[in-house]
Structures are given as structure tokens and as C-alpha cells.
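**Student:** Next input, structure requested:
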Amino acid sequence: RSHAAFACVGAYTSAWLTLRPAMKGLLLPGLPEWLAQAHWPVLPAAVAGGLAASVLALLTGAAILRLSGIAASIATFAFLAMVNAIWSNWTTVTGGTSSVVGLTRYVTPWVALGWAGAAILVAALYAQSASGLALRASREDEVAAAASGIDRYRHRLLAYALSAFFCGAGGALAGHAIGVINPDAFYLSLTFLMLAMLVVGGIGSLSGAVVGVLAVTLAGEVLLRLEGGVSVAASTPTTA
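**Tutor:** Presented below is the predicted three-dimensional model:
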């Protein structure tokens, strides 16, 4: 539930690094001088956004991942709400609820597909690694895994940080796809969308997650087209 927060951190990190200094001076006057003068290429900025999200995941996950069940759900949602509240009110650094505009729009379908392919490849390699197998074993039988000497907390933290990296990079890509970012774009709507993708595809396998993403995305695109009306004979009924 907290991964939308990592996307927010990644998006704003990339914006801080790639926006022109003159634009940052106008929109974000509270940035530190070294950050206000930074003007990075978009690819390193996306990687930096992912790394910033990973560092935040390590810091917060050190506490959150010691919880389980309802307590863990509440903690992750609270973390998401905290990030949204901070980003929505830290006006001089994030622009607050006003959108940050002027981001370079470089993300094409092929760029997005390349990053998606990289994320799937890394996830597949991790699932077959020693850490991934240990994490899977602890999911299937936590008591037996602990008795076998598997440090469930350490492997969960590693997976959490790895997933946060791609969420942060994804947030950076989202910003550079539309050229505008806003804290509310990385809050409840995105969280529920990601949960819907997991529910549709299933959380037990990587292929299920991919199928869920494709199914929900395609359904959204179809409904968007239907919203404009469907031609029937010579007439075109539209939605109200």
C-alpha cells in the first residue's frame, strides 16, 4: 500500500534534478542551492529517483517490516498518508498542491516498454535467487523457514527496497510522460489501481502481476474509448 509513496518520491526527485534552474527558482524557491542549480539528463535522474525511493524504503521498512497482519497494513497506509501530507504542504520545495510543470516529455511507449521489461527481468532473476527462494519459503511456512535459519526480516527488507526502486523510477517516468506532477496523483487513486491489478492477476506469481497490469490497463483504455460514444448505425450514443 505504500508503493505509491515511493512513486511520488521518485517523481519529485527526478523533477528536482531535471527542471531548468530558472524554472525551479520560480516554482520551488526553497530548494537547496546545489539542487536548485542541478540540471541532469533524464535517464540518470530516473535512476536517482529509484535510488532515493530505495533509501526511503530501507529506512521505513526497518520498522514497518517487523509488523504483520493488520498492524502492517495500518503502518503502510499511515506512511503513504504522511508522504502525501508532507508533499502537499512543503510548498517551497514540492510546490504543494500546485502542479509542478515543465518536465521534459521524453517517455514514449518504447521507453516505457524497456523499463517494464527491465523490471520484469529483475523480478524474475530475484525470484530465482537465494534471497527470493528464502522469501518464498518463509511465505509458505514461516515456522519451518525460521527453523531452517532463514532470516525472513532481512529478505523482506531487500525485496521491499528493490520494489521501491522500480516504483520510484516508475514515478519519474510518469512525470516525464505527461510533463506535470502533483502529490495527489500518487495517493489513493494510484494505490487502489495497483491493488486492483494485483487482485485481478493474483499475487502468487510474477506472470499473474503482469497479466493484472495488462488486464486493468486495457480495460481502462476500452472504457475511456466507450466514454466518447459508440457508433450504432448512423447515430453515436454518448454517455451523459
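
**Student:** buried residues in stretch 217-229?
**Tutor:** The neighbour-count check on stretch 217-229 (16 or more other CB atoms under 10 Å) flags nothing as buried. In short, each C-beta sits where N, CA and C put it, glycine included.

**Student:** Helix or strand next in line after the helix or strand of the chain with the lowest mean pLDDT, which one?
**Tutor:** Least confident helix or strand of the chain, by mean pLDDT, DSSP states H and E, is helix 142-147 with a mean of 79. Following helix 142-147 in sequence order, the next helix or strand is helix 152-178 (DSSP states H and E).

**Student:** partners of whatever helix or strand comes next after that next one, with directions?
**Tutor:** Toward the C-terminal end, the helix or strand that comes next after helix 152-178 (DSSP H and E) is strand 180-181. Applying DSSP bridges to the sheet, strand 180-181 is found paired with strand 100-101 (antiparallel).

**Student:** Could you point out which residue ranges in the protein have low pLDDT?
**Tutor:** Scanning the chain for pLDDT under 70 picks out 1, 229-240.

**Student:** which residue ranges form the helices in it?
**Tutor:** 3-18, 21-27, 33-36, 42-64, 69-89, 91-94, 109-127, 130-140, 142-147, 152-178, 188-201, 206-227 (DSSP state H).

**Student:** Looking at those, which one is packed in the most?
**Tutor:** helix 3-18 (a mean of 28; mean count of other CB atoms under 10 Å).

**Student:** now the angle between helix 69-89 and it, please.
**Tutor:** Angle between the axes of helix 3-18 and helix 69-89 is 30 degrees (criterion: axes from the mean of the first three to the mean of the last three CA atoms, to 10 degrees).
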